[in-house]
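**Q** build the 3D model from these lines:
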Amino acid sequence: MENYITKEELDIRLNMSFEDKVDLSCERIEKWYDYWKGQVYVAFSGGKDSTVLLNLVRSIFPEIKGVFIDTGLEYPEIRDFVMETDNIIWIKPKMSFKEVIERYGYPVISKEQSDYIYDYRNTKSEKLKNLRLNGNDKGNFKIQKKWIFLTEAPFKISDKCCDKLKKNPAHQYNKESGEKPMLGTRVEESRLRRTNYLKYGCNIYNSNNPQSAPLSFWRDEDIDKYIEKYNISYSKIYDMGYERTGCMFCMFGVQNEKEPNRFQKMEITHPKIHNYCINNLGLGDVMDYIGISYKNKEKK
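**A** The predicted structure is shown next:
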């Protein structure tokens, strides 16, 4: 088992050759499969990363299934691609996105900041409230100064969306099936994923939610190279100008995107869905308050 990867070791892995990365990932996949005696699956989102992972896993163990969580927030092109992929199990969350935002709040800025804002606005603990406002002695765990104004927003804010729509149904499936997941997540995608990798490595065996992330040290170019080298089919959403294909209505990180951002693109590629999320779900009011444009400036 692998624990406590140093930053230097991670840097070495990030800069390994493509062939060495494939070999190391295969080794991690085989160890995961053997440890759980084949009771494993690929968490399949329909995106490029999980598409590559599913193909790599099935190159070793062809019988492995994929599990797709049907949140109702996927791009139509993603859903079509998942439907075309063999041996995929579909599972659904108990709540809809509309129910989540009405009960808990909208996902904005980042999962971390939404969590802190939710705590500040809902806790009865003065200690937690002060922590979220001022941070600890190192200045961590607080709402960033530029987002303090969101504590007074006329709408609810929270980080609960991912938990309710993705993590909870996944945990339920794991519990009922006894199977352990392999995910296509990578350290380049977030600080939290990098931190977890340094602590656990690819395979997390001893936790309440065991999981494997055998592509952790791959870069974007490695994913694209694998697709090109092995002529792997992928969702056509990537040929429509989208680089990330997560939940369509999620606002995490949109403030950092160059224009046209995901919502501005959506107005062109999926106008009916754009109208629904902006007007019916109220995302337009949220982004107006934050100062994020969601109208495509080139649209006449």
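**Q** and the residue sitting nearest the centre point of the chain, how close does it get to residue 210?
**A** Nearest to the mean C-alpha position of the chain, by Cα atoms, centre = their mean, lies residue 246 at 6.4 Å. To residue 210, residue 246 is 23 Å away according to Cβ to Cβ, to the nearest Å. In short, each C-beta sits where N, CA and C put it, glycine included.
**Q** next one: residue 170
**A** Computed as Cβ to Cβ, the residue 170 to residue 210 distance reads 12 Å.
**Q** next: residue 127.
**A** According to Cβ to Cβ, residue 127 and residue 210 sit 33 Å apart.
**Q** which of these two has more neighbours?
**A** It is residue 210, of residue 127 and residue 210, that has more neighbours when counted by other Cβ atoms under 10 Å, with 16 against 8.
**Q** the more buried one: what's its closest spatial neighbour, skipping adjacent residues?
**A** Leaving aside its chain neighbours, residue 210 sits nearest to residue 180 (5.0 Å; criterion: Cβ to Cβ, 6 or more residues apart in numbering).
**Q** same question for residue 66.
**A** Using Cβ to Cβ, 6+ apart, the nearest residue to residue 66 is residue 44, at 3.4 Å.
**Q** which residues sit in contact with that neighbour?
**A** Residues in contact with residue 44 (Cβ atoms under 8 Å, 6 or more residues apart in numbering) are 50, 51, 54, 66, 67, 68, 82, 85, 88.
**Q** do that again at 6 Å, thanks
**A** Residues in contact with residue 44, defined by Cβ atoms under 6 Å, 6 or more residues apart in numbering, are 50, 54, 66, 68, 88.
**Q** between the residues you listed, which is closest to residue 292?
**A** Comparing those against residue 292 with Cβ to Cβ picks out residue 50 as the nearest, at 27.7 Å.
**Q** does that closest one touch residue 185 like I think?
**A** No - contact criterion Cβ atoms under 6 Å: residue 50 and residue 185 do not qualify, at 9.0 Å.
**Q** overlap of the contact sets of those two?
**A** With Cβ under 6 Å, 6+ apart, residue 50 and residue 185 have no common neighbours.
**Q** can you give me the helices in the chain?
**A** Using DSSP state H, the helices of the chain run over 7-14, 18-35, 48-60, 76-84, 97-103, 111-122, 126-134, 160-162, 168-177, 191-200, 220-229, 262-269, 271-275, 283-290.
**Q** so for residue 244, what's the pLDDT?
**A** Here, the pLDDT recorded for residue 244 equals 82.
**Q** ignore what I typed, I meant residue 189.
**A** In this model, residue 189 is scored at 87, pLDDT.
**Q** what bits of this protein have low per-residue confidence?
**A** Residues of the chain that meet the criterion pLDDT under 70 lie in 1-3, 298-300.
**Q** got the domain boundaries for it?
**A** Following automatic domain parsing, one gets these domains for the chain: 7-97+162-238, 111-154.
**Q** Serialize these to JSON lines and add fields for distance to residue 276.
**A** Shown next, in JSON lines, are the domains of the chain (distance: least, Cβ to Cβ, whole Å):
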{"stretch": "domain 7-97+162-238", "distance to residue 276": "11"}
{"stretch": "domain 111-154", "distance to residue 276": "21"}
